[in-house]
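Visitor: model this:
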Amino acid sequence: MNWILKSFSELTSTELYQIIQLRIDIFIVEQNCPYRELDGKDQDEGALHLFSTEGDRITSYLRILPPGCSYKDMSSLGRVVTHSSCRGTGLGHKLIERANQIIDERWPNFTCHLSAQAHLSKYYQKHGYHTVGEGYLEDEIPHIGMER
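Guide: Below is the predicted model:
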């Protein structure tokens with residue numbers, strides 16, 4: 001298992017293709033949720049792409065956005081995804097642990113926000129996130145704001 005952290009401009013065309021393919025396979029196809037996958041934030045200044053690979057395949061991925069990108073005074077995590085064949089292995093937990101380390105190193109004085117699918121709130125709570133506000137629908141899926 002290899003871990004890779006890159007800015008948008010550092011991603012190879014193959015990595016970018018596999019990242020987008022994984023996000024679409026899970027969020028749009030598996031969850032049957034058509035939404036605007038390419039929102040322009042992937043290439044924002046300071047945006048980071050953290051992913052794991054096994055062989056030539058991306059097995060997990062998330063996007064880290066700096067304070068000021070999505071939220072004025074908070075960094076944020078998004079597009080958190082684990083390949084379906086790797087679920088239940090602990091890989092997702094390792095992904096969040098690595099992301100939290102990166103956030104703590106780069107923006108130690110900022111809160112990190114994420115918009116979690118409501119059924120995953122306990123998963124994020126294990127990594128220090130707590131719910132904020134009321135639940136809401138995002139792309140017709142129940143979500144809850146969470147912060148760490």
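Visitor: Please make it C-alpha for all contacts and neighbour counts, starting now.
Guide: Fine.
Visitor: Thr111 against Ser75, yeah?
Guide: Yes. Between Thr111 and Ser75 there is a contact at 6.4 Å, judged by Cα atoms under 8 Å.
Visitor: So between these two, which is more surrounded?
Guide: Ser75 (24 against 17; other Cα atoms under 10 Å).
Visitor: Buried ones in the helix or strand harbouring Ile103, by neighbour count?
Guide: If you go by DSSP states H and E, Ile103 is part of helix 91-106. Within helix 91-106, the residues scored as buried using 16 or more other Cα atoms under 10 Å are 91-93, 95-96, 98-100, 102-103.
Visitor: other SSEs contacting it?
Guide: Helices and strands touching helix 91-106, by 3 or more Cα pairs under 8 Å, 6 or more residues apart in numbering; DSSP states H and E, are strand 48-54, strand 57-65, strand 74-82.
Visitor: Out of the ones you listed, which is closest to Ser121?
Guide: strand 74-82 (12.9 Å; Cα to Cα).
Visitor: Tell me which other helices or strands the helix or strand following the helix holding Ile103 touches.
Guide: Per DSSP H and E, helix 91-106 leads on to strand 111-117 as the next helix or strand towards the C-terminus. In terms of contacts (3+ Cα pairs under 8 Å, 6+ apart), strand 111-117 is packed against strand 74-82, strand 141-147.
Visitor: Return whichever strand or helix holds Gly135 as CSV; C-alpha atoms alone will do.
Guide: Element membership for Gly135 (DSSP H and E) is strand 130-138. Presented in CSV, the C-alpha positions along strand 130-138 are these (Å, rounded to 0.1, in the frame of the first residue of the first chain):
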residue,chain,number,x,y,z
HIS,A,130,-18.5,16.0,16.2
THR,A,131,-21.8,16.9,14.6
VAL,A,132,-22.7,20.6,14.2
GLY,A,133,-26.1,21.9,13.2
GLU,A,134,-29.1,20.1,12.0
GLY,A,135,-29.1,17.3,9.4
TYR,A,136,-29.9,18.2,5.8
LEU,A,137,-30.4,16.7,2.4
GLU,A,138,-27.5,17.1,0.0
